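**Q** Sequence first, then the predicted structure, then my questions.
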Amino acid sequence: MLIHPRKNHFLFPWKTVLAAVSCGLSMTACNRHIQAPPSMVPEVATVTVARQRVELTTELPGRTSPYRVAEIRPQVNGLIQKRLFTEGSDVQADQVLYQIDPAPFQAALDNAKAALGRAEANLPALQLKADRYKQALADKAVAQQDLDDATAALKQAEADVAYYQAMEETARINLGYTRVVSPISGRIGRSSVTDGAIATAYQPMALATIQQLDPIYVDVPQSTTELLRLEEKRMDRDGTNANQVELILEDGTKYPLEGTLQFRDVSVDPTTASVILRMVFPNPNEVLLPGMFVRVVVKEGVNEQGILIPQQAVSRDPKGNPVALIVNASGKVEQRMLSLDRAIGDQWLISSGLVAGERVIAEGMQKVQPGASVKEVSFEPERKPGAEPTVKTSQPPPASN
């Protein structure tokens, strides 16, 4: 070390400093070379492909409609004296809903009865007269014309009796129509008239409407394309539950009772290229009301050899085709092109591309490439974030030299 004679500073020889720095860098490089860790094998979670029984369903939107509808209209003209039901209540068949003033119809019935009685009163005398003329004609006591006149008068009297009998029956029917009754059992809506209103026979505006809600219809439009696909792939055609359907309400909850597919319409709507499927659902608590939007789950059949894998195990290539990564027998990653049928819950139903026993990567796909060696762990869908996976194979297969 040198000391400057004027400024009294310490001076280091440059060669000495450079040598020290060079030695330090060399030692650091040596330490890095010694401490470099070995390359890590990526860890992936796999699920083993297995064939299983899969129930195939189709979910379609629909709308509820009443099982039966009756629009109440008067069948005679008259004054409505009284409404005899509570709006919004349940009514029974043959229950009286409105009372129309019966006085004019009772008078018409009495008039018809009187006319019938007059006609019937003349009938016995005419019958006896015709019988006497027939006997007298045999004795040559009367002319044939007299018998013909008596017989014609008898037949006219009989026709009058029949006519007035019909008039009496008509008057009786019209009198009965003054009691407006319910043709079906169901829930009745609001009344369009009040006491004192004038009713007209078969008027266009209904007095009230009754709807039967138990059971209830659900009408579902289905495209003809989907219909043909279902016909080609239906597998449980002869099953006892082939026509059973489920219902999902507007809020996403499942309706507790199953329904039955009643029929499929025979004509196609040309504007929508669809047909109507009609289902019948029991509705004892009247949870379903007419006009509600619902979703119907139609059972297509059962695939006894279906393959399901988690949806997160499927990705897309640049062309949009579905692909999956599998781990082969050598512990290396392979890419497979898939053909998907449909989504079932959080899984894909695979049409082709996988066979039973193959191991599909469900987690860790972003860390591997085809051809890379990986370490497998068991896939746990319900595993909480941060939990350690269960090791399936403790060590990767040894790499070939």
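**A** Great, that's in hand. Residues are numbered from 1 along each chain as shown.
**Q** Surely residue 67 is within a strand?
**A** Yes - according to DSSP: H, G, I helix; E, B strand; the rest coil, residue 67 belongs to a strand.
**Q** isn't it right next to residue 214, touching?
**A** Yes - if you go by Cβ atoms under 8 Å, residue 67 and residue 214 touch, sitting 7.4 Å apart. (Each C-beta comes from the backbone N, C-alpha and C, glycine too.)
**Q** where are the low-confidence patches of the stretch 1-150 of the chain?
**A** Flagging of the stretch 1-150 of the chain using pLDDT under 70 yields the residue ranges 1-39.
**Q** Could you pull out the strands in it for me?
**A** 2-3, 10-11, 43-48, 51-72, 78-83, 90-91, 96-100 (DSSP state E, counting those that start in this stretch).
**Q** Of the ones you listed, give the one that comes closest to residue 351.
**A** Closest of those to residue 351 is strand 51-72, at 11.8 Å (criterion: Cβ to Cβ).
**Q** Show me the domain layout of this structure.
**A** Recorded structural domains for the chain (assignment: automatic domain parsing) are 44-55+305-378, 56-66+212-303, 68-199.
**Q** Specify the stretch among those that is closest to residue 205.
**A** domain 68-199 (5.9 Å).
**Q** what about that closest one, distance to the chain center?
**A** Distance, stretch centre to chain centre, for domain 68-199: 49 Å (Cα atoms, centre = their mean, to the nearest Å).
**Q** likewise stretch 256-264?
**A** 9 Å.
**Q** For it, which outside residues touch it?
**A** Contacts with stretch 256-264, where a contact means Cβ atoms under 8 Å, 6 or more residues apart in numbering, come from 218, 222, 227, 243-247, 275-283, 296, 298.
**Q** same thing with stretch 189-202?
**A** Residues outside stretch 189-202 that contact it (Cβ under 8 Å, 6+ apart) are 73-83, 85, 87-88, 98, 100, 205-211.
**Q** please redo it, this time with the cut-off set to 6 Å
**A** Residues outside stretch 189-202 that contact it (Cβ atoms under 6 Å, 6 or more residues apart in numbering) are 73-78, 80, 82-83, 87, 100, 205, 207-209.
**Q** Can you show me the helices along the stretch 151-300 of the chain?
**A** 224-233 (DSSP state H, counting those that start in this stretch).
**Q** pLDDT below threshold where in the stretch 251-400 of the chain?
**A** Using pLDDT under 70, the stretch 251-400 of the chain drops low at 382-400.
**Q** Can you lay out the strands of the stretch 1-150 of the chain as TSV showing mean neighbour count and distance to residue 111?
**A** As requested, the strands of the stretch 1-150 of the chain are arranged in TSV below (neighbours: other Cβ atoms under 10 Å; distance: least, Cβ to Cβ, whole Å):
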stretch	mean neighbour count	distance to residue 111
strand 2-3	10	152
strand 10-11	9	146
strand 43-48	20	90
strand 51-72	16	29
strand 78-83	17	17
strand 90-91	18	34
strand 96-100	19	19
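**Q** Redo those strands as TSV? Include distance to residue 377.
**A** Compiled in TSV, those are given as follows (distance: least, Cβ to Cβ, whole Å):
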stretch	distance to residue 377
strand 2-3	66
strand 10-11	62
strand 43-48	5
strand 51-72	22
strand 78-83	75
strand 90-91	61
strand 96-100	72
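**Q** With residue 132 as the reference, name the closest of those.
**A** Of all these, strand 78-83 comes closest under Cβ to Cβ, at 49.4 Å.
**Q** just to revisit the earlier point, PyMOL command for the buried members of the contacts of stretch 256-264?
**A** Typed into PyMOL, the line below selects the buried ones among the contacts of stretch 256-264, using 16 or more other Cβ atoms under 10 Å:
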select buried, resi 218+222+245+246+247+275+276+277+278+279+280+281+283+296+298
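**Q** Who's the closest spatial neighbour of residue 278, skipping the chain neighbours?
**A** Leaving aside its chain neighbours, residue 278 sits nearest to residue 262 (5.0 Å; criterion: Cβ to Cβ, 6 or more residues apart in numbering).
**Q** now do residue 248
**A** residue 295 (4.2 Å).
**Q** can you map out the strands along the stretch 301-401 of the chain?
**A** Under DSSP E, counting those that start in this stretch, the stretch 301-401 of the chain gives strands at 315-316, 322-327, 333-337, 339-344, 347-352, 359-363, 375-378.
**Q** wait, which of those is closest to residue 267?
**A** strand 339-344 (28.1 Å).
**Q** Neighbouring strands - and their directions - for that closest one?
**A** strand 347-352 (antiparallel) (DSSP bridges).
**Q** quick one: contacts for residue 347?
**A** Contacts of residue 347 by Cβ under 6 Å, 6+ apart are 308, 310.
**Q** hmm, back to that, closest to residue 63 out of the contacts of stretch 189-202?
**A** residue 209 (17.6 Å).
**Q** pretty sure that closest one is touching residue 73, no?
**A** No - counting by Cβ atoms under 6 Å, residue 209 sits too far from residue 73 to count as a contact (10.2 Å).
**Q** Give me the common contacts of these two.
**A** Here residue 209 and residue 73 share no contacting residue, scored by Cβ under 6 Å, 6+ apart.
**Q** Tell me which two in the contacts of stretch 189-202 are the farthest apart.
**A** 77 and 87 (24.1 Å).
**Q** which of the two has more neighbours?
**A** residue 77 (17 against 10; other Cβ atoms under 10 Å).
**Q** Could you give the backbone dihedrals for the more buried one?
**A** The phi and psi torsions at residue 77 (degrees, to the nearest 10) take the values phi -80, psi 150.
**Q** In contact with it: list those residues for me.
**A** Here residue 77 is in contact with 200, 201 (Cβ under 6 Å, 6+ apart).
**Q** one more time with 7 Å, if that's ok
**A** Under the criterion of Cβ atoms under 7 Å, 6 or more residues apart in numbering, the contact list for residue 77 reads 199, 200, 201.
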